[in-house]
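Participant: coordinates only, no sequence provided:
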């Protein structure tokens, strides 16, 4: 008998650092529900974003292709209609699809200007929804149609759906509508088809208009005694001292809403046949890295290759991932190998029973957990845009980054000429504070990293680039 295919929920947050989560060492009780999922499945201890900007990262999540492949290398570039998307693949595989929250892939124009294709505060037509044909509760730029305590999205019929209350709660309310009896043929049990649901929260991302993180009321008092990440303390500057309590409050709210989702799945009796993927698009350096002399564009909170921006939480629980956890005991499995969230589309398709081969980048993350391939490259690659045209490679011992001196990160997608940006030796400098890119003691390591990075650029972008000192 064919094994029943799982429902799949991709629950992802915006601008959330991994160290906000208990399963990654956060001392405050911010994420008890996520920690429970980690104890049942797999917690990837070293997961990294392939692109620390909202739109490009979402384009990768929706296509399984690099942002330079789809052309969505910065914000305000619409997802091309001729690219086969995750929703297209899953619909072909017999899944029902649903999308709730922030889309960020419909409007198109110059950065920081009114787009010429403008759906920032308007309903997104069907042909710009990336293949999602059914349940839809979405705004293209959610921070423009709402703030921390109210706003609106649009449904599949392009009707405006207003909400009031804390935004993370309201987005979750909209997601839970998917399971209501008034929604026909939407979840497994109605017509036998499994579902794939994406819940794309904007929290804890700062609210653009207010220039602040917006946690639930009372967050500043509730989390006044937070323990700041060490690298923020040492770097100094930035806005973390003022903003971190609200940031943690937003993360705690996201976790409570994750708990509400789990409770509904259990109530419906479908939790045991549902895989939940929790991740973030990127992290935040709280403006502590904005003094970078090599900026060729602009930055606010994330456009850098440092761990503060690239390292993200990634927990997968349910199905084969929980079985992988069971193999190592009741506390789940903690995977220490480096992985990129660029692999999530391919992993989702594998969960759905589809081998996409080379049509998507990355790897099936279940293979990382189960196969333990000694020949696997334990490194990740990331593309940086908007702040500069940058590329970086992260290994267990080093972070090496380059930038294009004559390119603008908001205008140019790639380059054939790069120069050294920075190099950190992580065993002695885990917070990436001491740049050793010109240190002769690390010249051999840099030469090897440079060749590896050039190979990544060639594979990802088809460009035979050069890097200078």
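Facilitator: Sure, I can see it. Fair warning: this is a prediction, and the values are worked out from it, not measured in the lab. Residues are numbered from 1 along each chain as shown.
Participant: report pLDDT for the closest residue to residue 81 other than its chain neighbours.
Facilitator: Spatial nearest neighbour of residue 81, chain neighbours left out: residue 127 (6.2 Å); criterion: CB to CB, 6 or more residues apart in numbering. Quick note: C-beta positions are derived from backbone N, CA and C, even for glycine. Model confidence at residue 127, given as pLDDT, is 97.
Participant: now do the SS call for residue 127.
Facilitator: Following DSSP: H, G, I helix; E, B strand; the rest coil, residue 127 is assigned to helix.
Participant: what does residue 245 give?
Facilitator: Per three-state DSSP, residue 245 ends up helix.
Participant: pull the contacting residues for it.
Facilitator: Residue 245 makes contact with 215, 219-224, 226, according to CB atoms under 8 Å, 6 or more residues apart in numbering.
Participant: one step back: wait, the residue nearest to residue 81 touches residue 80, no?
Facilitator: No - in this structure residue 127 lies outside contact range of residue 80 using CB atoms under 8 Å: 11.4 Å.
Participant: the strands in the stretch 1-150 of the chain, which residues?
Facilitator: Assigned by DSSP state E, counting those that start in this stretch, the stretch 1-150 of the chain shows strands spanning 7-14, 42-48, 96-102, 135-139, 146-147, 150-154.
Participant: out of those strands, nearest to residue 259?
Facilitator: strand 7-14 (11.2 Å; CB to CB).
Participant: what is the least confident helix or strand in this structure?
Facilitator: Using mean pLDDT, DSSP states H and E, helix 319-326 stands out as the lowest-scoring helix or strand of the chain, at a mean of 81.
Participant: which other helices and strands contact that helix?
Facilitator: Applying 3 or more CB pairs under 8 Å, 6 or more residues apart in numbering; DSSP states H and E, we find helix 319-326 packed against helix 32-40, strand 42-48, strand 274-280, helix 365-371.
Participant: contact partners of the third one?
Facilitator: By CB under 8 Å, 6+ apart, the residues outside strand 274-280 that reach it are 6-18, 34, 37, 41, 47, 49, 258, 261-262, 265, 312-319, 321, 341, 344, 347-348, 351.
Participant: same drill for residue 127 and residue 80, tell me which one is more crowded.
Facilitator: Taking neighbours as other CB atoms under 10 Å, residue 127 and residue 80 compare with residue 80 leading, 16 against 9.
Participant: distance of the more buried one from residue 106?
Facilitator: 12 Å (CB to CB, to the nearest Å).
Participant: could you do residue 442 as well?
Facilitator: From residue 442 across to residue 106, the span is 44 Å (CB to CB).
Participant: those two: which is more packed in?
Facilitator: residue 106 (24 against 17).
Participant: so what's the gap between stretch 113-130 and the chain middle?
Facilitator: 21 Å (CA atoms, centre = their mean, to the nearest Å).
Participant: in the stretch 101-250 of the chain, where is pLDDT below threshold?
Facilitator: 181-191 (pLDDT under 70).
Participant: at which residues are the helices of it located?
Facilitator: Along the stretch 101-250 of the chain, the stretches classed as helices by DSSP state H, counting those that start in this stretch are 142-145, 167-176, 219-222, 230-235, 240-268.
Participant: between the contacts of residue 245, which has the most around it?
Facilitator: Going by other CB under 10 Å, residue 215 tops the contacts of residue 245 with 26 neighbours.
Participant: quick check: chain neighbours aside, which residue is closest to that residue?
Facilitator: residue 249 (2.5 Å).
Participant: number of nearby residues for residue 300?
Facilitator: A count of nearby residues for residue 300, using other CB under 10 Å, gives 16.
Participant: which SSE is the closest residue to it other than its chain neighbours in?
Facilitator: Excluding its sequence neighbours, the residue lying closest to residue 300 (CB to CB, 6+ apart) is residue 287, at 6.8 Å. Assessed by DSSP states H and E, residue 287 sits outside every helix and strand.
Participant: residue 287 and residue 220, how far apart?
Facilitator: 19 Å.
Participant: residue 431 now?
Facilitator: On the measure of CB to CB, residue 431 and residue 220 end up 26 Å apart.
Participant: on that earlier part again, of the helices of the stretch 101-250 of the chain, which approaches residue 63 most closely?
Facilitator: helix 142-145 (20.4 Å).
Participant: residue 199 is nearest to which of the helices of the stretch 101-250 of the chain?
Facilitator: Residue 199 lies closest to helix 167-176 among the helices of the stretch 101-250 of the chain, at 4.9 Å (CB to CB).
Participant: the closest one versus strand 96-102: what angle between them?
Facilitator: On the basis of axes from the mean of the first three to the mean of the last three CA atoms, to 10 degrees, helix 167-176 is oriented at 160 degrees to strand 96-102.
Participant: helix 167-176 - contacts with which helices or strands?
Facilitator: So helix 167-176, by 3+ CB pairs under 8 Å, 6+ apart, packs with strand 96-102, strand 135-139, strand 150-154, strand 160-163, strand 195-204, helix 240-268.
Participant: wait, which of these is closest to residue 462?
Facilitator: In terms of CB to CB, the element of the helices and strands packed on helix 167-176 nearest to residue 462 is strand 195-204, at 29.5 Å.
Participant: who are the packing partners of that closest one?
Facilitator: Applying 3+ CB pairs under 8 Å, 6+ apart, we find strand 195-204 packed against strand 7-14, helix 86-92, strand 96-102, helix 167-176, helix 240-268.
Participant: using a markdown table, lay out those together with distance to residue 387.
Facilitator: Compiled in a markdown table, those are given as follows (distance: least, CB to CB, whole Å):
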| stretch | distance to residue 387 |
| --- | --- |
| strand 7-14 | 18 |
| helix 86-92 | 27 |
| strand 96-102 | 21 |
| helix 167-176 | 27 |
| helix 240-268 | 19 |
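Participant: figure out which of these is closest to residue 116.
Facilitator: Of all those, it is strand 96-102 that lies closest to residue 116, at 21.1 Å by CB to CB.
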